[in-house]
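*Asks:* give me a model of this one.
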Amino acid sequence: MKIGELAAVSATSIETIRYYERENLLPAPARTQGNFRVYEAPHLERLQFIRYCRSLDMSLDEVRVLLRVKDAPAQDCANVDALIDAHIEHVSTRIEELRSLEKELKALRQQCCGPRNGDPCGILTGLAIAAQEPGAGARAHSHIR
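*Replies:* Sure thing, here's the model as predicted:
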């Protein structure tokens, strides 16, 4: 299949497919005489594997480790266990950060009781005050990924 067909079947953009090729996550496909990429079933399977791992919020480096083990099934998979354990810890930490973010946003939302003419917006006032607190920038960056 051509790259457009692979993109459609896998619900992946053409640019993402090309990116995964550049990152050596997907092997280079064969080319036709007209220099079109020709993908086969193993490309689709690998792309689906990569996409599923990414949907689990795994980094490209984590996916690379998994693919190396997948490509060498006789290899010990202890590093896969360690990778998943570390990823679970990362997800748990991220959940805690998101709960903290939710709590902050809910507290901020309570500072506004609806539109008021002439009065400053409670949310904007709260944001301006919080932005001046020491460590506010570091806290903001921990929520942005």
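
*Asks:* what packs against the strand or helix carrying Ile123?
*Replies:* Per DSSP states H and E: Ile123 is located in helix 122-131. Helix 122-131 sits against helix 78-109, with contacts defined as 3 or more C-beta pairs under 8 Å, 6 or more residues apart in numbering; DSSP states H and E. C-beta coordinates here come from the backbone N, C-alpha and C atoms, glycine included.

*Asks:* tell me the angle the helix it packs on makes with helix 122-131.
*Replies:* 120 degrees (axes from the mean of the first three to the mean of the last three C-alpha atoms, to 10 degrees).

*Asks:* residues in contact with the residue sitting nearest the centre point of the chain?
*Replies:* Nearest to the mean C-alpha position of the chain, counting by C-alpha atoms, centre = their mean, stands Asp57 at 4.6 Å. By C-beta atoms under 8 Å, 6 or more residues apart in numbering, the residues touching Asp57 are 87, 90-91, 94.

*Asks:* report the secondary structure state of it.
*Replies:* coil (DSSP: H, G, I helix; E, B strand; the rest coil).

*Asks:* list the contacts of the closest residue to Val80 other than its chain neighbours.
*Replies:* The shortest distance from Val80 to any non-neighbouring residue, by C-beta to C-beta, 6 or more residues apart in numbering, is to Val69 (5.3 Å). By C-beta under 8 Å, 6+ apart, the contact set of Val69 is 75, 77, 79-80.
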